[in-house]
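>>> A structural model of the following input is requested.
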Amino acid sequence: MKLIGNYLSPYVRRVAVSLNILAWPFELDEVLVFKDPAVVRRYNALVRIPVLVLDDGSTLFESGAILDEIDRLAGTERV
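Prediction:
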């Protein structure tokens, strides 16, 4: 998994915390939206972070939707 964003954003941090609690490995692609919006636009046409790129290449954005999908993927067997 790849998390697009930076830890200056509380929304990126909350997704990263959830991934860390579940001990799911992810790579942080530290991007500042205002400095390099083209990088974010490749994954999210709205140019908003966070974006989570799953292992199958699909992308999720909006922290609430990302957290919902993390919950679904984690299922009932959580750490």
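>>> now what about the helix or strand containing Asp71, what contacts it?
Per DSSP states H and E, Asp71 falls inside helix 63-74. If you take C-beta atoms under 8 Å, 6 or more residues apart in numbering as the criterion, helix 63-74 is touched by 11-12, 14-15, 18-19, 22, 24, 50, 52, 60. For every residue, glycine as well, the C-beta is placed using N, CA and C.
>>> try 6 Å
Outside helix 63-74, the residues that touch it by C-beta atoms under 6 Å, 6 or more residues apart in numbering are 11, 14-15, 18, 22, 50, 52, 60.
>>> any idea of the mean pLDDT for that helix?
Averaged across helix 63-74, pLDDT comes to 95.
>>> ok, and the most crowded of the contacts of helix 63-74?
For the contacts of helix 63-74, the largest neighbour count, defined by other C-beta atoms under 10 Å, is 27 neighbours, found at Leu52.
>>> For whatever helix or strand it lives in, give the mean pLDDT please.
Leu52 belongs to strand 51-53 when assigned by DSSP H and E. When pLDDT is averaged over strand 51-53, the result is 97.
>>> rewinding a little: what are the buried residues along the helix holding Asp71?
Using 16 or more other C-beta atoms under 10 Å as the test for burial, helix 63-74 gives 63, 66-67, 70.
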